[in-house]
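Trainee: here is the input, now give the coordinates:
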Amino acid sequence: MARKVISSGGREPNDSQDQVEVRSQGRTIQSREVSNESGSSHGRSISGTAGRSQDGGFVDARNLVSEDFIAKTLQETTGTLGVATRPKVVDFSERLQERRRANARMVVLRACIAGTVAIVVAALVWLLFFSDVFRLETGNISVAGSNEWVSQSQVLDIAKKQAGKSILLVSDAKVEEEIKDIPGVTAAESKKQFPKSLRITIKAQKPAAMLQTDADTMTAVDSKGRVLNSVNGASVEGIPVIEVKDVETSLKNRSIREALTILSSLPESMRKTITKVTADTQDSITTELNGGERVIVWGDSSDLKLKKAVVDKIINDPNVIGDKHNVDVSAPLRPIIK
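Mentor: Model (predicted):
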C-alpha cells in the first residue's frame, strides 16, 4: 500500500520538486528527484547524484558507488577460457642463478681491474729501477773541486760504487759521507742530475803542514792529522814544515794535532811566511815567520779567532810592534811583546 505524503512546510509537491515515501515490508525507501531545471542546466543524470546530499542534507551510504575488489581480482586473473588462474609465481631458483651470474661477473671485473693495476705498477717499477732510462753509468759521473793533493780518481773510486744502480736508488748522503773521509776533503756535495747522471763537488784543502823526519822525508797531512796521498808533481812551497822523529807516532801526539789545527786556520798570506813550527808541548805551539823575523807563541788552539785578531793588530802596526820580534798570545787578553 502506498500513500502520498505532504512535505514539511505544508506545500503541495510540484513539477520542480517531488518527495515520495514508499513503505514496503517495514522498510522505507526515500528518493529525491532533481528538478528538471537543475538537471537540464547542469546536464547531470540521476545516477550521477545518487547518494549525494544537497547542502544541509544527508548521505545515503547504500547509494554510494563502491569498487568490487573481488570481482576485479577475478577479472584480472581470468584466463582466455574464462577460468580463473593463479597469479604469477616468482621462480627463486632462477633469481638465485641470476644473482650468482651477476656476482661472477663482478668477480671477473674486479680481477681484471686488479690485474691491470698490477701490470701497470710492475711496468712502472721496472722503468724506474731496472731499465736503462734511469741507470747510472760510470761515464755519467763528474767531479769538480779536486786539487793536487786530492785527486779526482780518489773521488771517482767512491762514486763508481753507485754505478749500475737506478739514479733513484743512489744515496747522496752516503756518497758525501764516504768522500769526506778522504784526507784533505773538508766538504762534499753529491747531486743527482736526471735522468741518469751524478755530479760531485768537493772542497779540497792543501796540507795543513808537512811532517819532516830525520831522513828528510816529508809527509803531507791535513788539519785532522790524516796523511794525504800526494799527486805527482805536487808543490810543497808555502806549506809549513814540522820536524818530527816519526810520522805515525807524532800524529797520535796531541801537541802535533794542536799545531795542525792552528796552522790550518791561518790565512794563506801568513802561512806562506812560516819557516818553522815548534810543537814541544800541546800548549806551547810556536811559529817563526820569515826566518825568525817574527816569532808567534800561540799556546794551544783555544780562542783561536781572538788570538789571530790580536796577532794581526800587533805585527801590522809599527807603533805597537816597534823593534820587537816576539809576540806571545797564549793569553790573548794580555799579550806579551818582547
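Trainee: CA atoms for contacts and neighbours, from now on please.
Mentor: Will do.
Trainee: where along the stretch 51-200 of the chain do the strands fall?
Mentor: 141-144, 185-193, 197-204 (DSSP state E, counting those that start in this stretch).
Trainee: which outside residues touch the longest one?
Mentor: Just to be clear, that refers to strand 185-193. With C-alpha atoms under 8 Å, 6 or more residues apart in numbering as the test, strand 185-193 has contacts from 150, 167, 172-173, 175-177, 179-180, 198-205.
Trainee: relative to it, what are the paired strands and their orientations?
Mentor: Here strand 185-193 is paired, per DSSP bridges, with strand 197-204 (antiparallel).
Trainee: give me the contacts around the partner strand.
Mentor: By C-alpha under 8 Å, 6+ apart, strand 197-204 touches 136-137, 140-147, 149-150, 167, 184-193.
Trainee: from those residues, which would you call buried?
Mentor: Buried members of those, scored by 16 or more other C-alpha atoms under 10 Å, are 136-137, 141-143, 145-147, 149-150, 167, 184-192.
Trainee: the closest residue to residue 160 other than its chain neighbours - how many residues pack around it?
Mentor: Nearest residue to residue 160 in three dimensions, chain neighbours excluded: residue 138, at 6.1 Å (C-alpha to C-alpha, 6 or more residues apart in numbering). Here the number of neighbours of residue 138 (other C-alpha atoms under 10 Å) works out to 16.
Trainee: how about residue 316?
Mentor: Counted with other C-alpha under 10 Å, residue 316 comes out at 10.
Trainee: give me the distance between it and residue 270.
Mentor: From residue 316 across to residue 270, the span is 12 Å (C-alpha to C-alpha, to the nearest Å).
Trainee: domain assignment for the protein?
Mentor: The chain breaks down into these domains under automatic domain parsing: 20-70, 90-130, 135-204, 209-337.
Trainee: can you put the ones you listed in a markdown table and add mean pLDDT?
Mentor: Below are the domains of the chain laid out as a markdown table (pLDDT from 0 to 100):
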| stretch | mean pLDDT |
| --- | --- |
| domain 20-70 | 48 |
| domain 90-130 | 90 |
| domain 135-204 | 92 |
| domain 209-337 | 89 |
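Trainee: on that earlier part again, got JSON lines for the strands of the stretch 51-200 of the chain, with distance to residue 92 too?
Mentor: Output for these, formatted as JSON lines (distance: least, C-alpha to C-alpha, whole Å):
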{"stretch": "strand 141-144", "distance to residue 92": "72"}
{"stretch": "strand 185-193", "distance to residue 92": "66"}
{"stretch": "strand 197-204", "distance to residue 92": "68"}
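Trainee: relative to residue 289, which of those is closest?
Mentor: Of all these, strand 197-204 sits nearest to residue 289, with 25.4 Å by C-alpha to C-alpha.
Trainee: buried residues of that closest one, list them for me.
Mentor: Applying 16+ other C-alpha under 10 Å to strand 197-204 flags 197, 198, 200, 201, 202, 203, 204 as buried.
Trainee: from residue 197, how far off is the residue nearest to residue 160?
Mentor: Residue 138 sits 9 Å away from residue 197, going by C-alpha to C-alpha.
Trainee: likewise for residue 290?
Mentor: Distance of residue 290 to residue 197, given as C-alpha to C-alpha: 48 Å.
Trainee: beta partners for residue 277?
Mentor: residue 242, residue 287.
Trainee: please apply the same query to residue 299.
Mentor: residue 285.
Trainee: which residues touch it?
Mentor: 282, 283, 284, 285, 286, 329, 330, 331.
Trainee: please enumerate the helices of the protein.
Mentor: Using DSSP state H, the helices of the chain run over 36-42, 46-49, 69-76, 92-129, 152-159, 172-180, 247-251, 254-265, 268-271, 304-315, 318-321.
Trainee: most neighbours per residue, which of these?
Mentor: helix 254-265 (a mean of 22; mean count of other C-alpha atoms under 10 Å).
Trainee: what's that helix packed up against?
Mentor: Where contact means 3 or more C-alpha pairs under 8 Å, 6 or more residues apart in numbering; DSSP states H and E, helix 254-265 is packed against strand 209-212, strand 285-289.
Trainee: what does it rub up against?
Mentor: For helix 254-265, using C-alpha under 8 Å, 6+ apart, the contacting residues are 207-209, 222-225, 240, 250-251, 271, 279-283, 285, 300-301, 304.
Trainee: I figured residue 329 hits residue 313, correct?
Mentor: No. Using C-alpha atoms under 8 Å, residue 329 is not in contact with residue 313, being 11.7 Å away.
Trainee: right, I'll leave it there.
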